[in-house]
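Novice: Got a predicted model here, sequence first, then my questions.
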Amino acid sequence: MDGDVPMMAAPSPYTLREKFARLAWALVQSTLFAWSFHTCYGWRRMLLRAFGASLHPTCRLRRTVRIECPWNLSIGMDTAVGDGAILYCLGPVRIGDHSTISQRAHVCAGSHDHRSRSMVLLRPPIVIGSDCWIAAEAFVGPGVTVGDGVILGARAVAFKDLAPWTIYLGNPAQPVGHRAPLKA
């Protein structure tokens, strides 16, 4: 068509080093990580640490967890990540102590600027506090801080910060109750 200007491809938001690291991790995750015996938590922690993750020695990740950019991941003491959970760590993801990320939950620290024609990649951090439970198939969006002691119910969707020691349900997540801080 006359007058049409071909669109130039936007430059990649990833450095060449990051592209190679993502490829190497994808190979390790799809083989050595995924094929490990279901209780080989130490083995999976070692693999993740080799790619820059910061993991407490007591955290447990199931072999079917999907992790993008493990160098942006930090997990605290006695925290568990269940089968099929997705930790999409384009930006930093920090998960505190004694928390549970249940099966098929999705923690997504990446988005795009919808105001930009080129849909520029955004990498806002996610912080999940201590003593939290992100229940089955729940979604935590980019830039969200989940306060200590929060329960985000099954299939709930959090796009805004969640107040500590509160129980949330629904899409969008709404507070439905309070939770007493836990005793030691």
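Specialist: It's in.

Novice: Which parts of this structure are helices?
Specialist: In the chain, the helices defined using DSSP state H lie at 16-28, 41-50.

Novice: For the protein, which element, helix or strand, carries the lowest mean pLDDT?
Specialist: When the helices and strands of the chain are scored by mean pLDDT, DSSP states H and E, strand 121-122 comes last with a mean of 90.

Novice: mind checking how far that strand is from the chain centre?
Specialist: Its chain's C-alpha centre and that of strand 121-122 lie 15 Å apart, by CA atoms, centre = their mean, to the nearest Å.

Novice: in stretch 59-79, what's buried?
Specialist: 59-63, 65, 67-70, 72-76, 79 (16 or more other CB atoms under 10 Å). The way it works is simple: take the backbone N, C-alpha and C, and place the C-beta from them, glycine included.

Novice: picking that back up, deepest of the helices of the chain, which one?
Specialist: Burial of those is given as mean neighbour count (mean count of other CB atoms under 10 Å); helix 41-50 ranks first at a mean of 17.

Novice: and that helix with helix 16-28, angle?
Specialist: For helix 41-50 against helix 16-28, the angle by axes from the mean of the first three to the mean of the last three CA atoms, to 10 degrees is 160 degrees.

Novice: and helix 41-50, what does it pack onto?
Specialist: Secondary-structure packing of helix 41-50 (3 or more CB pairs under 8 Å, 6 or more residues apart in numbering; DSSP states H and E): strand 54-55, strand 60-61.

Novice: right, and these - which one's nearest residue 94?
Specialist: strand 54-55 (8.7 Å; CB to CB).

Novice: what are the pairing partners of that closest one, and which direction each?
Specialist: Partner strands and pairing direction for strand 54-55 (DSSP bridges) are strand 73-75 (parallel).

Novice: ok, and what's touching the strand it pairs with?
Specialist: If you take CB atoms under 8 Å, 6 or more residues apart in numbering as the criterion, strand 73-75 is touched by 48, 53-56, 59, 61, 67, 81, 87, 89, 92-95.
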